[in-house]
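S.K.: Would you be able to build a 3D model of this:
(one chain, ligands or ions: 1)
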Amino acid sequence: MSSYSLVALVLLFSSALLCFATPKTHYHDFVVQERPVKRLCNTVNAITVNGQLPGPTLIVREGDGLVVHVVNRAKYNVTIHWHGVRQMRTGWADGPEFVTQCPIRPGESYTYRFTIQGQEGTLWWHAHSSWLRATVYGALIIRPRKGTPFPFPRPNRETPIILGEWWNRDPIQVVRQATRTGAAPNVSDAYTINGQPGDLYKCSSQDTTIVPMDVGETHLLRVINAALNQELFFSVAHHMFTVVGADASYLKPFRTNVIMLGPGQTTDVIISGNQAPGRYYIVAKPYQSAQNAAFDNTTATAILSYTSAPCPSKGAPLPTPAFPPMPAFNDTNAVTSFTSKLRYPRQAPVPAYVDEDLHFTVGLGLFNCPRGFSKSQCQGPNGTRFAASMNNVSFVLPSNWSLLQAHKYGIPGVFTTDFPAGPPLKFDYTGNVSRSLWQPTSGTRLYRLKYASRVQIVIQGTSIVTGENHPMHLHGYDFFIVAEGFGNFNPKRDTKKFNLVDPPMRNTVPIPVNGWAVIRFVADNPGVWLMHCHLDVHITWGLAMAFLVEDGVGEYETLQAPPEDLPIC
Ligand code: C2O
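M.R.: Model prediction:
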């Protein structure tokens with residue numbers, strides 16, 4: 001072989017290596033800006049990223065880096081959160097306002113830099129400031145490394161399906177009004193699929209989202225619940241789902257015709273083009289577990305449309321798509337039947353023993369009208385203000401430092417680390433709770449975890465005001481859901497039922513209404529990590545807490561230094 005061809009061969013080989021193995025860094029510009037958006041016969045000025053609704057879809061591979069330069073040209077403060085991304089040692093890029101960073105003020109910018117490590121599937125990004133995520137959100141798709149297959153036959157098509165929630169008003173004004181009055185915020189006017197409500201709503205049929213498909217094909221739908229305040233059932237007429245992943249973790253595949261997603265959750269499902277070429281409704285409608293609470297009981301649709309469907313004769317209307325049977329809005333059995341089928345694909349690396357055995361109650365509450373407040377500020381039930389809490393602490397964000405900055409720089413007076421390991425008072429959490437236990441206390445209280453400690457949390461719903469399914473999200477971690485059930489968690493009886501073999505791994509767990517779930521994780525990511533209900537109305541009322549995870553030993557167990565352009569408050 002001549003030396004030339006040897007060089008050529010070496011070059012070819014190394015470029016092949018480059019294209020097969022080298023992770024890539026993806027650069028994106030996000031311009032947060034206001035834009036008139038027309039939905040349901042109304043035009044509303046909405047805050048968007050790059051003028052898009054939903055915002056841009058980011059597609060990366062496992063191992064890749066992301067550098068996203070965010071410029072705020074809108075009139076509100078903003079931050080962007082990469083929902084579900086572990087952010088190993090890069091907590092400064094996590095995004096929740098006043099938790100890991102101060103907000104990006106109008107006219108300012110910040111660059112998020114982070115790497116995707118060990119996660120594959122569907123995640124998403126959204127604003128984490130007030131209620132801005134109503135319109136500031138998009139998909140984050142993580143494909144396997146080049147040369148690595150999916151753990152299922154490669155689908156012919158892939159489509160992100162983002163479920164959203166729409167108000168015919170500026171959502172920031174909706175939450176501000178609620179905060180002013182103490183009452184529940186106005187419910188939304190529509191749900192959306194990829195930004196569009198679909199043809200069951202007025203003035204919407206022209207713009208209904210169409211998802212193409214054809215006979216003999218398989219189609220991976222990456223379903224994301226980006227709605228602000230509503231858990232949603234999701235189904236496609238005449239097409240069974242094979243569920244293959246959730247929250248960017250693979251699952252043992254199983255078949256079902258309906259799934260439920262709490263806000264924050266994602267589910268990857270595969271459908272097969274095994275029906276007559278035609279049009280089929282894709283449907284999202286509410287799962288509502290709270291009793292006697294107002295909610296938006298409308299239905300969003302898109303259309304699965306076979307490309308080989310026969311065209312109607314000239315001038316004739318398209319035939320009406322088939323509609324799938326949907327569970328009733330309060331069908332908790334349908335939810336349990338779905339969530340109980342989720343399994344890790346193999347023996348899960350779930351900690352067998354725990355160092356921290358925590359017990360957190362989650363639920364609503366009511367503040368008696370505070371001294372100095374007028375009647376108009378206490379329009380909650382019987383002249384109160386709505387509240388929510390974990391272990392009876394209603395979480396309050398700081399305003400002059402982020403928690404992570406205060407931790408890093410040792411700023412006193414921003415938070416305390418006395419969040420209780422269990423409820424301050426034991427009572428029948430899901431029973432008829434005495435009115436004297438309905439009022440939480442306010443605080444910015446964190447729970448301190450040693451690096452690498454093995455943590456178990458029994459998350460117990462309460463029936464205060466009303467029992468409700470709460471989609472609980474933990475930042476910076478994936479966790480195993482080892483058990484769930486109804487009523488009060490009973491350590492004697494329920495510990496025996498823990499699945500330590502193949503429990504599903506997720507970043508958001510829906511706590512059954514008037515029930516509980518148990519999660520486990522290893523605290524191997526130093527920083528300050530928010531845990532909260534992903535119904536924005538509940539986080540507004542204080543249904544949150546944060547973990548302070550200490551550094552371990554050496555560089556690889558230590559939070560990175562803050563970036564130079566980190567906003568200050
Ligand atoms: Cu997807 Cu704290 O949020």
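
S.K.: Give me every residue in the stretch 201-350 of the chain lying close to the ligand.
M.R.: Counting by C-beta under 6 Å from any ligand atom, the residues of the stretch 201-350 of the chain close to the ligand are residue 264. Where C-beta positions appear, they are placed from N, C-alpha and C, glycine not excepted.

S.K.: Give the bridge partners for whichever residue of the stretch 1-150 of the chain sits closest to the ligand, please.
M.R.: Per C-beta to the nearest ligand atom, the residue of the stretch 1-150 of the chain with the smallest distance to the ligand is residue 83, at 3.7 Å. When assigned by DSSP bridges, residue 83 has beta-bridge partners residue 124.

S.K.: pretty sure it contacts residue 127?
M.R.: No. Counting by C-beta atoms under 8 Å, residue 83 sits too far from residue 127 to count as a contact (10.7 Å).

S.K.: need the contact list for residue 487.
M.R.: Applying C-beta atoms under 8 Å, 6 or more residues apart in numbering, we find residue 487 in contact with 430, 514, 515, 516.

S.K.: quick one: secondary structure of residue 271?
M.R.: strand (DSSP: H, G, I helix; E, B strand; the rest coil).

S.K.: repeat for the one 3 residues further on
M.R.: At residue 274, secondary structure determined by three-state DSSP is coil.

S.K.: Out of the contacts of residue 487, list just those in strands.
M.R.: 515, 516 (DSSP state E).

S.K.: Out of the contacts of residue 487, who's the most crowded?
M.R.: residue 516 (25 neighbours; other C-beta atoms under 10 Å).

S.K.: Mind listing the residues bridging to it?
M.R.: Under DSSP bridges, the beta-bridge partners of residue 516 are residue 460, residue 485.

S.K.: got the contact list for it?
M.R.: 458, 459, 460, 461, 484, 485, 486, 487, 488, 489, 494.

S.K.: Repeat the analysis, applying 10 Å as the threshold.
M.R.: Applying C-beta atoms under 10 Å, 6 or more residues apart in numbering, we find residue 516 in contact with 359-362, 429-430, 458-461, 483-490, 494.

S.K.: cool, residue 475 as well?
M.R.: 81-87, 91, 94-96, 99-100, 128, 507, 525, 527-532, 546-547 are the contacts of residue 475 under C-beta under 10 Å, 6+ apart.

S.K.: try it again with 6 Å
M.R.: 94, 529, 530 (C-beta atoms under 6 Å, 6 or more residues apart in numbering).

S.K.: Could you measure from it over to the ligand?
M.R.: For residue 475, the distance to the ligand (C-beta to the nearest ligand atom, to the nearest Å) stands at 6 Å.

S.K.: returning to what we had before: can you go through the contacts of residue 516 and name the buried ones?
M.R.: Buried subset of those (neighbour count, 16 or more other C-beta atoms under 10 Å): 359-362, 429-430, 458-461, 483-485, 487-489, 494.

S.K.: These: which ones sit near the ligand?
M.R.: When C-beta under 6 Å from any ligand atom is applied, no member of those is adjacent to the ligand.

S.K.: out of those residues, which are inside helices?
M.R.: Using DSSP state H, residue 494 are the members of the buried ones among the contacts of residue 516 that sit in helices.

S.K.: so which strand or helix has residue 405?
M.R.: Here residue 405 sits within helix 403-409, counting by DSSP states H and E.

S.K.: For that helix, name the packing helices and strands.
M.R.: strand 527-533 (3 or more C-beta pairs under 6 Å, 6 or more residues apart in numbering; DSSP states H and E).

S.K.: which other residues reach the helix or strand just after the strand it packs on?
M.R.: Counting by DSSP H and E, the next helix or strand C-terminal to strand 527-533 is helix 536-541. With C-beta under 6 Å, 6+ apart as the test, helix 536-541 has contacts from 131, 175, 185, 228, 229, 386, 387, 388, 532.

S.K.: distance between the ends of stretch 78-89?
M.R.: 23 Å (C-alpha to C-alpha, to the nearest Å).

S.K.: Check stretch 518-526 too.
M.R.: Its first and final residues considered, stretch 518-526 spans 22 Å by C-alpha to C-alpha.

S.K.: hang on, the earlier thing: got TSV for the contacts of helix 536-541, with distance to residue 446 too?
M.R.: Shown next, in TSV, are the contacts of helix 536-541 (distance: C-beta to C-beta, whole Å):
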residue	distance to residue 446
131	24
175	24
185	27
228	26
229	26
386	24
387	19
388	18
532	13
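
S.K.: Go through these and name the one nearest the ligand.
M.R.: residue 532 (5.7 Å).

S.K.: Can you give the distance from the helix holding residue 405 to the centre of its chain?
M.R.: 25 Å (C-alpha atoms, centre = their mean, to the nearest Å).

S.K.: do stretch 322-337 as well
M.R.: 21 Å.

S.K.: separation between residue 548 and the ligand?
M.R.: Applying C-beta to the nearest ligand atom, the value for residue 548 to the ligand is 16 Å.

S.K.: Need the three-state assignment for that residue.
M.R.: strand.

S.K.: Isn't it up against residue 446?
M.R.: Yes. Judged on C-beta atoms under 6 Å, residue 548 makes contact with residue 446 at a distance of 4.6 Å.

S.K.: Looking at the two, which has the bigger crowd around it?
M.R.: Using other C-beta under 10 Å, the more surrounded residue of residue 548 and residue 446 is residue 446, with 24 against 19.

S.K.: Kindly state the beta-bridge partners for that one.
M.R.: Under the criterion DSSP bridges, residue 446 forms beta bridges with residue 546.

S.K.: which residues touch it?
M.R.: Going by C-beta under 6 Å, 6+ apart, residue 446 touches 415, 417, 419, 546, 548.

S.K.: how is this protein carved up into domains?
M.R.: Per automatic domain parsing, the structural domains of the chain span 23-148, 152-341, 356-557.
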